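Chemist: here is my input, please return the structure:
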Amino acid sequence: MTIESDRTGPTWEQFGLRHNWGKQKGNEYRNESKKAKKKRLKGTPNNTKKKKKKKKKTHHELQQLSLAGENITLQDAESFADKMETKQPNTVRIALQNIQLLPVNSRHYKSRQLINHMIQAELDVLMMNEIGLISKLELTMGDKFTAPEIITIIGKRIRQWRKLSKSDIIDHATPFRRYYRNDQFGTKAAVAEQDKIGWYNMLLGRLSTKWMDAQQKYLESIGKRTTGKRWTIAIISKLWDIAWDMWQHRNHVIHNTLHPKQQLEMELLGLQVNEWYEQGPEELLIRDRNLFQKSVETILKGTGNEQEQWVTSVRLAHQRAAAAKATRDASMINERALMETWLGIQIEAETTEE
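Modeler: Below you'll find the model as predicted:
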């Protein structure tokens with residue numbers, strides 16, 4: 001039991017009256033702030049005012065790069081094609097893919113994204129295209145602050161060269177129309193000299209020096225510190241890179257890509273392998289029977305060159321076996337004739353015929 005004399009401090013009532021505890025102004029109670037109310041009601045199941053998260057329709061961005069090195073977004077893709085909506089009935093959907101951005105390894109994350117995109121977009125046809133040499137060169141020249149007239153005429157002349165040049169004439173004999181347009185930078189003189197040098201030589205990096213002079217004048221007119229010499233070096237380097245990329249693409253298409261024609265050839269090779277394997281090694285020479293040491297499944301798992309080599313080897317082995325058999329038969333003709341005469345087989349045959 002606590003008495004009044006045992007208390008060493010004010011009572012709770014006195015403390016509340018002294019500090020106006022629980023009250024704000026006069027007798028008005030303090031209003032609960034929104035932050036405090038949200039904290040108090042957090043996790044309460046009966047909270048009817050709790051906001052529900054709206055499910056937003058998200059689109060997975062394809063990690064593909066444009067020629068400028070920037071990521072191609074959904075908005076960029078839809079601005080050049082149809083909206084990414086559910087495909088309507090009786091509709092064919094075709095998509096384009098830059099083949100240079102397609103990874104060789106199927107396990108690469110870009111390959112998986114491309115497959116997911118094909119499924120989600122319900123694609124019927126996926127076309128592989130390649131950005132051409134001229135477009136790459138024009139983009140590089142644009143990044144290097146090239147004069148617009150130089151970009152236009154170089155692209156135009158290379159297109160004309162591809163269209164008009166023939167394999168039976170030399171490069172500088174390609175019939176170009178004369179370039180009449182003249183500007184203050186000297187583009188006309190550069191075009192005339194490059195026509196004499198040849199535009200195929202330009203693709204190999206053999207540029208006229210007048211391109212450098214014309215570009216230098218243009219750079220000075222727009223107030224750029226870079227020089228025409230550095231521009232020329234960058235253009236030649238880009239031309240070599242493009243030629244190398246085209247060579248690698250050509251090798252990839254020929255040696256690594258399974259085209260429908262190559263697929264048909266592989267199927268025909270498989271039929272030949274099965275046909276020769278069913279004949280077995282019994283008719284072959286002893287030295288050639290090691291061709292059948294591997295199982296037919298192992299042979300069919302090999303590349304096209306390996307299967308073709310196996311078929312050729314087995315065919316030659318059968319030819320050697322047939323030649324050896326013919327030689328043995330020819331060496332025994334006289335012996336057989338003598339034996340038949342001694343046995344009287346020929347006489348009996350002649351008597352029967354009479």
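
Chemist: residue 128 should be in a helix, yeah?
Modeler: No. Under DSSP: H, G, I helix; E, B strand; the rest coil, residue 128 sits outside any helix and is assigned strand.

Chemist: ok, so what distance separates it from residue 269?
Modeler: Here the criterion is CB to CB, to the nearest Å. By it, residue 128 lies 25 Å from residue 269. Using the backbone N, CA and C atoms, a C-beta is placed for each residue, glycine as well.

Chemist: give me the neighbour count for residue 41.
Modeler: By other CB atoms under 10 Å, 13 other residues sit near residue 41.

Chemist: secondary structure class of residue 341, three-state.
Modeler: Put simply, residue 341 is helix when judged by three-state DSSP.

Chemist: residue 272 and residue 311 touch, don't they?
Modeler: Yes. If you go by CB atoms under 8 Å, residue 272 and residue 311 touch, sitting 5.0 Å apart.

Chemist: on that earlier part again, higher neighbour count, residue 128 and residue 269?
Modeler: Taking neighbours as other CB under 10 Å, residue 128 and residue 269 compare with residue 269 leading, 21 against 12.

Chemist: what residues are up against the more buried one?
Modeler: 304, 307, 308, 311 (CB atoms under 8 Å, 6 or more residues apart in numbering).

Chemist: before we move on, what about residue 311?
Modeler: Residue 311 is in contact with 269, 272, 273, 276, counting by CB under 8 Å, 6+ apart.

Chemist: repeat that for 6 Å
Modeler: Counting by CB atoms under 6 Å, 6 or more residues apart in numbering, residue 311 makes contact with residue 272.

Chemist: which helix or which strand is home to it?
Modeler: helix 304-331 (DSSP states H and E).

Chemist: so which bits of stretch 231-243 are buried?
Modeler: Buried residues in stretch 231-243, counted by 16 or more other CB atoms under 10 Å: 231, 232, 234, 235, 238, 239, 242.

Chemist: format those residues as TSV; extra columns: distance to residue 337 and pLDDT.
Modeler: What follows is the buried residues of stretch 231-243, written out as TSV (distance: CB to CB, whole Å; pLDDT from 0 to 100):
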residue	distance to residue 337	pLDDT
231	91	95
232	88	94
234	87	93
235	85	94
238	82	91
239	79	90
242	76	84
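
Chemist: the residue nearest to residue 324 when sequence neighbours are not counted: neighbouring residues, count only.
Modeler: Nearest non-adjacent residue to residue 324, counting by CB to CB, 6 or more residues apart in numbering: residue 285, 6.4 Å away. Neighbour count of residue 285, defined by other CB under 10 Å: 14.

Chemist: cool, and residue 280?
Modeler: Using other CB under 10 Å, residue 280 has 10 neighbouring residues.

Chemist: quick one: contacts for it?
Modeler: So residue 280 contacts nothing (CB under 6 Å, 6+ apart).

Chemist: try 8 Å
Modeler: Per CB under 8 Å, 6+ apart, neighbours of residue 280: residue 292.
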